[in-house]
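>>> only geometry, no sequence info:
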Ligand code: TYD
C-alpha cells in the first residue's frame, strides 16, 4: 500500500492526552533510531530519497506538514497534522516533505541506525531499482 497510516490509541483523562508507542506493538518493528525535524524554514522541502531497506514511521507531534509518497508507479499526497497518526515510510518509497508549519515537530522512528549506503537519492536510480526489483518494494 502506498499510504499506510497507523492510528495510535490516545490514553487520556482530565489531565490531558498521552500516547505510548512500543516496538512490535503500535510500531511494527524494533525501533533503533529516533530523529525529529523542527524549526524547518518556510518554503523548505526535504527528503527526496528512498531507502533500500529502512522502514520508518513519521509522526507529526506538533503543527503540520505534507508528504508526497511515491512507489515509482503512483504518487499520493498526505497531510500529517495530528500526533495520533503515524505514516509508514516503507522501504522503496520515494518521499518528499514540504509545507512545514512554523511550529512543526516531525518525529521519525526508524528500524535501523543511520546508514548513508541505504539511501537512493537520485530519482532516476530509484525508478531503475523499482523496475529491476533489486530491492524489496513497498507492501
Ligand atoms: P538528510 O537525510 O539529508 O535529510 P532529509 O530527510 O531532508 O533527506 O539528513 C540531513 C543530515 O543529517 C545529513 O547530513 C545526514 C544527517 N543525518 C544523520 O546523521 N542521522 C540521521 O538519522 C539522519 C536522518 C540524518
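Good, I have the coordinates. A quick note: this is a predicted structure, and the numbers were derived from the prediction, not measured. Residues are numbered from 1 along each chain as shown.
>>> hey, let's count contacts and neighbours off CA atoms from now on
OK.
>>> now do the same end-to-end measure for stretch 106-126.
Stretch 106-126 has an end-to-end distance of 24 Å (Cα to Cα, to the nearest Å).
>>> now it: mean pLDDT?
Averaged across stretch 106-126, the pLDDT comes to 98.
>>> also stretch 48-67?
pLDDT averaged over stretch 48-67 gives 98.
>>> so what's the nearest residue to residue 43 once chain neighbours are set aside scoring on pLDDT?
Nearest non-adjacent residue to residue 43, counting by Cα to Cα, 6 or more residues apart in numbering: residue 99, 6.6 Å away. You'll see residue 99 listed with a pLDDT of 98.
>>> same check on residue 135?
85.
>>> hmm, residue 51 and it touching each other?
No. Using Cα atoms under 8 Å, residue 135 is not in contact with residue 51, being 9.3 Å away.
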